[in-house]
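Chemist: output the structure for:
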Amino acid sequence: MAVETFDASPVYLDYNATAPMRPEALEAVYDALQAVGNASSIHHHGRDAASRVDRARRQLAQLLSCSPGEVVFTSGATEANNLALQAAYAESGLIITSSVEHPAVLETARALAAGASTGLVTVSVDEDGRIDLDELRGAVQERGAALVSIMLANNETGVINDLAPVVEVAHSAGALVHTDATQYVGRLPLDLDELDVDLLSLSAHKFGGPQGVGALFIRRGTPLPQRPLLLGGGHERGWRAGTLNVPGIVGLGAAADAARRLLDDEAPRIAKLRDLLEGEILAQLPESRVNGARAPRLPGVSSITFPGAPADALLASMPEVAASDGSACSAGAPTPSHVLLAMGLSREAADSTIRFSLGHATTEQEIRRAIDATVRAVIHVRTVMDATVAS
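Modeler: Numbering: from 1, shown residues only. Sure thing, here's the model as predicted:
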């Protein structure tokens with residue numbers, strides 16, 4: 001008699017925090033770890049390391065549709081955001097950004113503008129998380145040359161911003177445009193020949209590369225003073241000093257190459273799984289709400305509010321599912337999601353929201369397990385909460 005097997009491993013639905021490494025990236029990193037050589041050295045081993053870095057730079061440039069010479073490798077998107085904002089602020093003394101940006105942008109902008117009442121303008125969003133373009137236009141036209149920093153896709157809701165009008169408004173006033181594209185790169189097609197931003201930040205581990213490596217795209221000819229955060233040997237054309245992380249960079253390149261080749265198949269498959277997750281949960285828990293559902297979203301991100309069921313209790317009640325109650329970079333914060341509050345959710349609703357994020361290795365079987373676990377957890381938590389109130 002056949003014995004039915006059950007997969008007891010947790011279902012991983014936290015790709016926005018970090019994606020599992022792609023097999024191509026794992027293999028590339030392992031191979032690079034066995035090599036010897038500093039990419040700055042001129043002997044054979046150094047030239048081999050430099051060659052590996054050059055190849056990764058070309059692979060990432062192909063994914064972004066830009067020139068390899070416009071890519072500066074960093075330790076991740078947080079460093080890339082800091083590098084871009086600090087250099088631009090030194091030139092203009094003004095940053096215009098949105099209320100739903102990642103802390104790596106918002107906190108950097110606030111620190112730079114501290115003590116200068118005119119150094120930072122924060123633009124609001126609508127209830128679906130979309131930038132108020134009229135408010136942005138007014139800020140740019142009133143303040144003039146600045147750095148406009150608007151994320152391409154939100155890390156909590158997956159809502160995608162249409163940057164074409166943002167770029168048009170900013171450039172017409174002589175402002176530069178930076179975008180934190182950390183959650184977008186490798187998940188949907190991106191052509192920097194068409195998207196005319198001046199600066200773009202990304203992290204490898206969001207699209208299947210290793211943690212601890214990322215990049216900043218700086219468009220050729222961008223009038224930006226070179227203000228490196230780290231001083232030393234002048235690596236990366238003077239933008240970032242320090243011995244290059246060759247294995248990490250090689251892994252980034254391999255992940256970028258795999259994402260580029262597989263994107264046309266992965267994106268619609270992941271979107272279908274996301275729709276299955278949301279459709280079944282809303283059918284069984286009709287009082288639930290998908291945040292940003294009416295806006296364009298990344299294919300693998302779903303932010304769902306479960307009224308009457310605090311997110312921390314839900315996650316504790318469904319250990320078989322790895323999801324998030326907000327941005328991984330804000331984990332442990334005593335306040336609810338600033339993104340959801342900016343979208344008009346109450347504190348209670350924001351505290352009852354879970355972010356599910358899918359990716360390249362997610363399967364339908366995993367999604368169905370996650371649906372069952374989530375529904376059971378919500379019913380359980382609400383029952384306990386009701387009993388507590390009644391007592």
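
Chemist: okay, now the unreliable bits of the protein?
Modeler: 1-8, 117, 326-334, 391 (pLDDT under 70).

Chemist: show me where it has helices.
Modeler: 23-33, 44-64, 77-92, 103-113, 133-143, 163-172, 246-284, 311-317, 338-342, 347-350, 364-390 (DSSP state H).

Chemist: list the buried residues in the last one.
Modeler: It refers to helix 364-390. By 16 or more other CB atoms under 10 Å, the buried positions in helix 364-390 come out as 366-367, 369-371, 373-375, 377-378, 381-382. Every residue, glycine included, has its C-beta placed from N, CA and C.

Chemist: surely Arg143 meets Val121?
Modeler: Yes. Using CB atoms under 8 Å, Arg143 is in contact with Val121, at 6.5 Å.

Chemist: name the residues contacting each of the two.
Modeler: The contact sets of Arg143 and Val121 overlap at 94, 96 (CB atoms under 8 Å, 6 or more residues apart in numbering).

Chemist: between the helices of the chain, which gets nearest to Arg297?
Modeler: Nearest of those to Arg297, taken as CB to CB: helix 246-284 at 8.3 Å.

Chemist: tell me the buried residues in the closest one?
Modeler: Buried-residue list, helix 246-284, by 16+ other CB under 10 Å: 246-260, 262-263, 266-267, 269-271, 273-274, 276-278, 280-281.

Chemist: and Leu341, how far is that from Ser357?
Modeler: 20 Å (CB to CB, to the nearest Å).

Chemist: list the contacts of the closest residue to His235 other than its chain neighbours.
Modeler: If the residues on either side of it in the chain are set aside, His235 comes closest to Ala241, at 5.5 Å by CB to CB, 6 or more residues apart in numbering. Ala241 is in contact with 228, 230-235, counting by CB under 8 Å, 6+ apart.

Chemist: surely Ile160 and Leu298 touch.
Modeler: Yes. In this structure Ile160 lies within contact range of Leu298 using CB under 8 Å: 6.5 Å.

Chemist: how's this protein carved up into domains?
Modeler: Listed domain ranges for the chain are 11-19+263-390, 23-258 (source: automatic domain parsing).

Chemist: what about Gln62, how many residues nearby?
Modeler: Using other CB atoms under 10 Å, the number of residues around Gln62 comes to 15.

Chemist: contacts only, for it.
Modeler: Per CB under 8 Å, 6+ apart, neighbours of Gln62: 256-257, 260.

Chemist: the same query, at a cut-off of 6 Å, please.
Modeler: Arg260 (CB atoms under 6 Å, 6 or more residues apart in numbering).

Chemist: same thing with Ala19?
Modeler: Ala19 sits next to 206, 208, 359 when contact means CB under 6 Å, 6+ apart.

Chemist: quick one: contacts of stretch 37-46?
Modeler: 36, 48-50, 53, 243-244, 246.

Chemist: same check on stretch 243-262?
Modeler: For stretch 243-262, using CB under 6 Å, 6+ apart, the contacting residues are 22, 24-25, 28-29, 32-33, 38-39, 49, 52-53, 56, 59-60, 62-63, 73, 186, 204, 207-210, 212-213.

Chemist: please redo it, this time with the cut-off set to 7 Å
Modeler: 22, 24-25, 28-29, 32-33, 38-39, 49, 52-53, 55-56, 59-60, 62-63, 73, 186, 204, 207-210, 212-213, 235 (CB atoms under 7 Å, 6 or more residues apart in numbering).

Chemist: mind checking which of those residues are buried?
Modeler: 22, 24-25, 28-29, 32, 39, 49, 52-53, 55-56, 59-60, 63, 73, 186, 204, 207-210, 212-213, 235.

Chemist: gap between the closest residue to Ala361 other than its chain neighbours and Leu345?
Modeler: Counting by CB to CB, 6+ apart, Pro20 is the residue found nearest to Ala361 once chain neighbours are left out, at 5.5 Å. Pro20 is 30 Å from Leu345, where distance means CB to CB.

Chemist: just Leu285 next, same as before
Modeler: Counting by CB to CB, the gap from Leu285 to Leu345 is 17 Å.

Chemist: looking at these two, which is more packed in?
Modeler: Shown here are Leu285 and Leu345; by other CB under 10 Å, Leu345 has more neighbours (21 against 18).

Chemist: coming back round to it: between Ile160 and Leu298, which one's more packed in?
Modeler: Leu298 (27 against 21).

Chemist: for the nearest residue to the more buried one once chain neighbours are set aside, grab phi and psi.
Modeler: Of all residues not flanking Leu298 in the chain, Gly158 sits nearest, at 3.9 Å (CB to CB, 6+ apart). Note on Gly158: its backbone torsions stand at phi 80, psi 0 [degrees, to the nearest 10].

Chemist: next, the contact list for Gly158, please.
Modeler: Here Gly158 is in contact with 292, 297-298, 301 (CB under 7 Å, 6+ apart).

Chemist: any chance of those residues in TSV, with distance to Glu79 too?
Modeler: Shown next, in TSV, are the contacts of Gly158 (distance: CB to CB, whole Å):
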residue	distance to Glu79
Gly292	28
Arg297	27
Leu298	23
Val301	24
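
Chemist: which of those sit farthest apart?
Modeler: Gly292 and Leu298 (9.9 Å).

Chemist: gap between the closest residue to Ala254 other than its chain neighbours and Gly46?
Modeler: Leaving aside its chain neighbours, Ala254 sits nearest to Ala28 (3.7 Å; criterion: CB to CB, 6+ apart). According to CB to CB, Ala28 stands 19 Å off from Gly46.

Chemist: now Ser357
Modeler: 39 Å.

Chemist: Asn81 too?
Modeler: 30 Å.

Chemist: so for these two, which sits in the more crowded spot?
Modeler: A count of neighbours by other CB under 10 Å puts Asn81 above the other of Asn81 and Gly46, at 31 against 15.
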